[in-house]
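K.L.:
Need a 3D model of the sequence below.
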Amino acid sequence: MGIAERRSIRSCISRISRPQKIILGVFAFLFIIYSLTPYDSRARSFFRFQHNVIEDYYQNVHPTDSWLYKTQPYPIDPQNDVAIIVKTGFGTRRRVPAALEALSNESFFADTIVAQDFPLLPDQKNYTLKNGKEVPVIDIIGWNLERGALKGQEQQERIMKYENLADAVDGEEWMLADGLGKDMGWELDAMKFLPSLEYVWQTLPKKKWYIMADDDTYMIKSSLALVLGHLNYAKPQFLGNPVGDYKGRFPHGGSSVVMSGAALSKLYDRHPEVVAEGNQESATAIWGDKLLSTTFMKIGVYLDETYRRLFNGEPPWMTRMWVDRFCLPLVSFHGLGSGDNMLHVGETFKNMKEPVFWRQLGKIYGAPEFASFIAEPIRANVDYVGRLDEYSTTVDKITEVDECVKICHEHSAECLAWTFDPGRKLCHFARWAILGDVAEGRFSGINGQLAQKLEGSCHSPP
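P.N.:
Numbers count the residues shown, from 1 in each chain. Now for the predicted structure:
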């Protein structure tokens, strides 16, 4: 650096006022403290949480889908570049055939394994996808115990429960095994996340992307393939539907969790001591998806909430089509474990070779067109709002349905759907709409003008 340059810098510094110097000093001090704290410290978690809040607000106010229609910089071959883990337990094992059949109905067949929490049954074999690709089954907790990853934890209550279940399965005491499986399924599930990923990393290495899902989760793989083509798999990536407070944000496991091969490589190849610590914690952890997230945090891999709006933790008939998601791909459904729900969803989406967007859900399921609500705004015995929460609004002392319609129009940017309950004199409205739930005695509708405006703002493929 020359004399003139140094003089210029000193001159600039001298022109900064004392209060400005103090502010700069505070920021420099905070940056140094932040940089020196562990990756999973509360300080880092707090600042990251605030950043996510700001980014989420911006995406809510200025939703965009233009990035989806740019050339994919990281295109993938889904059949060879993706691995899927389906987690199941003894109490839910009968869901697996339907889950795999549904996943076989789409346009590509990713390598898949089933990770369960009990020994293989006497007549249990590997599953097979419709294209003939074999799906191995692994007792992942037994595998983790046999290799010594849980050494020293054998007397933990949870591991003893697993041993009791394993003994009941080996002894073909099915009533006892069913009772144990149903009572402690959530506990054993927490022990499956980390070893399942390690097992798939060892048996199906070098995949670009790894996806973990429950046995009642359906993934729209054509939507997923579109999104992944825009993400760099060579960088540690960790995606999902965020839940939890700032101290430990983690992806909701039922909405599916997506990780790049680089993230798994960083964890399992470069930080075995962190993996070992996580396996030990799994014997007492409450939630496996949170344990997975906090383990990644220890090596500086954080949940990326940029793509949170792509993941869905509800079945189709309860899915809320939010205002800020209309133009985005819909990646997952959850809660499909009852009856034939999984098979019905698989049948509905089996011919989907193109990505599915949130706004298309009504059309796929035969719900009324959004535009039809402009001429006929009120529908009887139906509810288009669905589940109420802190993001919905309720107005009381409403006596006429027309008042509820008027309230929605007065909040035209915030009301996509409304429901009037005459018995309780309540008007509910929200920034989302569902397909329509049967609700005797109620009146409901969708803000057709807003829905059309949102649809018109969406880009089309070039």
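
K.L.:
Of all the strand elements in the chain, which one is longest?
P.N.:
Secondary structure assigned by DSSP state E gives strand 437-446 as the longest strand of the chain.

K.L.:
In that strand, which residues are buried?
P.N.:
Residues of strand 437-446 classed as buried: 437, 439, 442, 443, 444, 445, 446 (neighbour count, 16 or more other CB atoms under 10 Å). The way it works is simple: take the backbone N, C-alpha and C, and place the C-beta from them, glycine included.

K.L.:
try stretch 454-461
P.N.:
454, 458.

K.L.:
contacting residues around residue 339?
P.N.:
Listed by CB atoms under 8 Å, 6 or more residues apart in numbering, the contact set of residue 339 is empty.

K.L.:
What distance do you get for it to residue 439?
P.N.:
22 Å (CB to CB, to the nearest Å).

K.L.:
now do residue 195
P.N.:
Residue 195 sits at a distance of 45 Å from residue 439 (criterion: CB to CB).

K.L.:
Kindly report the same for residue 159.
P.N.:
47 Å.

K.L.:
Measure how buried residue 206 is and give me the count.
P.N.:
Using other CB atoms under 10 Å, the number of residues around residue 206 comes to 11.

K.L.:
Go ahead and name everything in contact with stretch 154-161.
P.N.:
Applying CB under 8 Å, 6+ apart, the contact partners of stretch 154-161 are 145, 150, 153, 180, 184, 187, 188, 190, 191, 283, 284.

K.L.:
want to try a markdown table for these, with pLDDT, neighbour count and distance to residue 134 as columns?
P.N.:
Below are the contacts of stretch 154-161 laid out as a markdown table (pLDDT from 0 to 100; neighbours: other CB atoms under 10 Å; distance: CB to CB, whole Å):
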| residue | pLDDT | neighbour count | distance to residue 134 |
| --- | --- | --- | --- |
| 145 | 97 | 20 | 25 |
| 150 | 96 | 21 | 28 |
| 153 | 95 | 17 | 33 |
| 180 | 90 | 23 | 29 |
| 184 | 87 | 20 | 30 |
| 187 | 91 | 20 | 30 |
| 188 | 95 | 25 | 25 |
| 190 | 94 | 22 | 28 |
| 191 | 97 | 27 | 25 |
| 283 | 96 | 19 | 32 |
| 284 | 95 | 15 | 35 |
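
K.L.:
name the element residue 264 belongs to?
P.N.:
Per DSSP states H and E: residue 264 is located in helix 261-264.

K.L.:
My error: substitute residue 180 in the last question.
P.N.:
helix 174-189.

K.L.:
and the helix or strand following that helix, what other elements does it pack with?
P.N.:
Note on helix 174-189: by DSSP H and E, the next helix or strand toward the C-terminus is helix 193-203. Here helix 193-203 touches strand 82-87, strand 111-116, helix 140-146, strand 209-214, helix 272-281, helix 288-297, going by 3 or more CB pairs under 8 Å, 6 or more residues apart in numbering; DSSP states H and E.

K.L.:
Model confidence for the residue nearest to residue 127 when sequence neighbours are not counted, exactly?
P.N.:
In space, and not counting its chain neighbours, residue 127 is closest to residue 135: 4.0 Å by CB to CB, 6 or more residues apart in numbering. Looking at residue 135, its pLDDT reads 94.

K.L.:
and if you look at residue 332?
P.N.:
If you check residue 332, the pLDDT there is 95.

K.L.:
Since that was my last question, I'll sign off now.
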